[in-house]
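Peer 1: Show me how the following folds:
(one chain, ligands or ions: 2)
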Amino acid sequence: MKIKNPLDMHLHLRDEAMLKLVAPFSAKDFRAGVIMPNLIPPLTNLEQLRAYKERITSLCENANFTPLMTLFFKDYEAKFLELARAEIFAIKLYPAGITTNSANGVANFDLKNLASTLNAMSELEIPLLVHGETNDFVMDREAKFAPIYEALAQNFPRLKIVMEHITTKTLCDLLEKYENLYATITLHHLLLTLDDVVGGKMQPHLFCKPIAKRYEDKQALCKLAFSGYEKAMFGSDSAPHSKNDKECCGCAAGIFSAPVALSVLAELFSKHSNEANLQKFISDNACAIHKLEFSKEKIITLKEEKWQVPQNYGEVVPFMAGSELKFKVSAT
Ligand code: DOR
Ligand code: ZN
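Peer 2: Ligands and ions are numbered 1, 2, ... in the order given. This next block holds a predicted model:
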């Protein structure tokens, strides 16, 4: 199986020692990744963003990997955004306190407060990426955010809005209702329901935000991904935390899937779909939606060859640790 220019449209690379550990996995397998800005402090200015990009690229030399940088959403002046436009791919909005390092996110979704930044973004064609969850009961948080997505889509019709890591049938259905709504889907949400996380012994390495939902939600996500549906893009949300931070009281949310993502997707699509739809899900849809072009191609070959996922990479336990996978990335 061959994939051209695989893209990870939602990726956490962290910083310092963790960045050094995890960046090579994404750089090896993907042509580009949309890099999340939820560092401490969050990325809100160009000096920080340039320095972070430089730290990423210095770890990915010779890998033909482009980090597509994002800023953390806040009230930005139009003048600043005009300057930033050339250096950023998008702006990522987090509701305040909803997930890892989101304390500085948006606390009030009264659109009047957000309008000047969102209007400037529309004007400058800067996409808005959204972590769509409210503070409601944990299984309802994403569906309860749907009216906010609708209000955003209606009030800012020229703004490209990406509903990140969608986990519910409710949001799958919303894609059909608004032209300017798009979505990313993770690997783990194509595989898991809440049962896998807490139905038996609790599985901290499967704990993430938004939490995996019901069987019918997973089915709706699989239907979009496996059909190559043009508004759905792959975004791993690979989010590494140390084993200590996962296997403790107060487990951090996040699943480190970068080292297995392509291999598991190849297995899933060979079983439930086909290579052409995988190519759409993992690259072509995103290229069409965001008008992305890559001068230097990256072709990934996946061979049918069994391998076992290690129990850990350094201090991080990967998704599917210990499992036997059927496809191996053989050449880039
Ligand atoms: O599970 C998650 N982990 N969800 C997020 O939204 C953030 C991420 C992280 O940064 O660890
Ligand atoms: Zn994320």
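Peer 1: Now do the same contact list for the closest residue to Q219 other than its chain neighbours.
Peer 2: In space, and not counting its chain neighbours, Q219 is closest to K169: 7.8 Å by C-beta to C-beta, 6 or more residues apart in numbering. Bear in mind the C-beta positions are built from the backbone N, C-alpha and C, glycine included. Counting by C-beta atoms under 8 Å, 6 or more residues apart in numbering, K169 touches E216, D217, Q219, A220.
Peer 1: can you pull out the strands in the stretch 101-250 of the chain?
Peer 2: 128-130, 161-163, 181-185, 232-234 (DSSP state E, counting those that start in this stretch).
Peer 1: So for the longest one, mean pLDDT?
Peer 2: When the per-residue pLDDT values of strand 181-185 are averaged, the result is 99.
Peer 1: Repeat that for the second one.
Peer 2: The predicted model gives strand 161-163 an average pLDDT of 99.
Peer 1: So which other helices or strands are in contact with that strand?
Peer 2: Other elements packing on strand 161-163 under the criterion 3 or more C-beta pairs under 8 Å, 6 or more residues apart in numbering; DSSP states H and E are strand 128-130, helix 141-155, strand 181-185.
Peer 1: next one: the longest one
Peer 2: On a contact count with 3+ C-beta pairs under 8 Å, 6+ apart, strand 181-185 meets strand 161-163, helix 169-174, helix 215-226, strand 232-234.
Peer 1: okay, these, which one's buried deepest?
Peer 2: strand 232-234 (a mean of 27; mean count of other C-beta atoms under 10 Å).
Peer 1: Up against ligand 1, what does this protein have?
Peer 2: Within the chain, the positions lying close to ligand 1 (C-beta under 6 Å from any ligand atom) are H12, N38, T99, T100, H131, C208, K209, A239, A253, G254.
Peer 1: ok, and the closest non-adjacent residue to R85?
Peer 2: Per C-beta to C-beta, 6+ apart, closest to R85 is L124, 5.1 Å.
Peer 1: Which parts of the protein are helices?
Peer 2: Using DSSP state H, the helices assigned to the chain run over residues 16-29, 46-59, 78-84, 111-124, 141-155, 169-174, 188-191, 194, 215-226, 243-246, 261-272, 275-279, 285-290.
Peer 1: and the first one, which residues are buried?
Peer 2: The reference is to helix 16-29. Residues of helix 16-29 classed as buried by neighbour count (16 or more other C-beta atoms under 10 Å): M18, L19, L21, V22, A23, P24, F25, S26, A27, K28, D29.
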